[in-house]
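What follows is a predicted structure for the sequence shown.
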Amino acid sequence: MLDHLGFNVGDYAASRDFYRQALAPLGYGVVMEVDRETTGGYEGCGFGPPGRPQFWVGNSGGNTHSNGSHTGGMHIAFVAKSRAEVDAFHAAAIEAGGKDNGAPGLRPHYHLDYYGAFVIDINGHNIEAVCHAPKASP
């Protein structure tokens with residue numbers, strides 16, 4: 001059901017370093033790191049086993065409070081079995097009252113076959129459906 005999840009942080013570098021140290025005893029490290037220029041506004045990193053970033057921390061803007069806490073909602077990505085399911089998820093979520101946060105399409109900065117769609121849900125969370133499978137041959 002879940003592919004990966006993440007949340008926004010007030011100090012990305014400090015959070016990356018914290019989780020790098022805290023997760024090392026469990027065998028997890030930074031698997032992927034992305035910058036604002038590549039993603040169009042998000043800077044963050046994914047932790048997990050080699051080749052599989054499943055837990056993300058990052059900063060996509062939003063509001064940082066004086067106590068260092070950060071708002072901007074949670075990010076949860078759901079597994080889709082096909083690109084058609086990603087498309088259907090996006091349409092259904094918009095129809096249900098969500099706001100588009102990234103139309104269905106390839107996101108090659110994650111990997112060549114990463115096909116996802118993003119919607120801000122009615123509570124302000126960034127939800128996604130993603131398919132990692134290559135496009136089916138005609």
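Okay, I see it.

Which elements pack onto the helix or strand bottoming out on mean pLDDT in the chain?
Across the helices and strands of the chain, mean pLDDT, DSSP states H and E gives its lowest value to helix 36-39, namely a mean of 86. Packed against helix 36-39, as judged by 3 or more CB pairs under 8 Å, 6 or more residues apart in numbering; DSSP states H and E, are no other helices or strands. C-beta here means a position set from N, CA and C on the backbone, and glycine is covered the same way.

Please list the residues outside that helix that contact it.
Applying CB atoms under 8 Å, 6 or more residues apart in numbering, the contact partners of helix 36-39 are Tyr42, Glu43, His109.

Going through those residues, which ones are buried?
Tyr42, Glu43 (16 or more other CB atoms under 10 Å).

Rebuild the contacts of helix 36-39 as CSV, extending it with pLDDT, secondary structure and distance to Asp11.
CSV is the format used below for the contacts of helix 36-39 (pLDDT from 0 to 100; DSSP: H, G, I helix; E, B strand; the rest coil; distance: CB to CB, whole Å):
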residue, pLDDT, secondary structure, distance to Asp11
Tyr42, 85, coil, 15
Glu43, 91, strand, 12
His109, 91, coil, 23
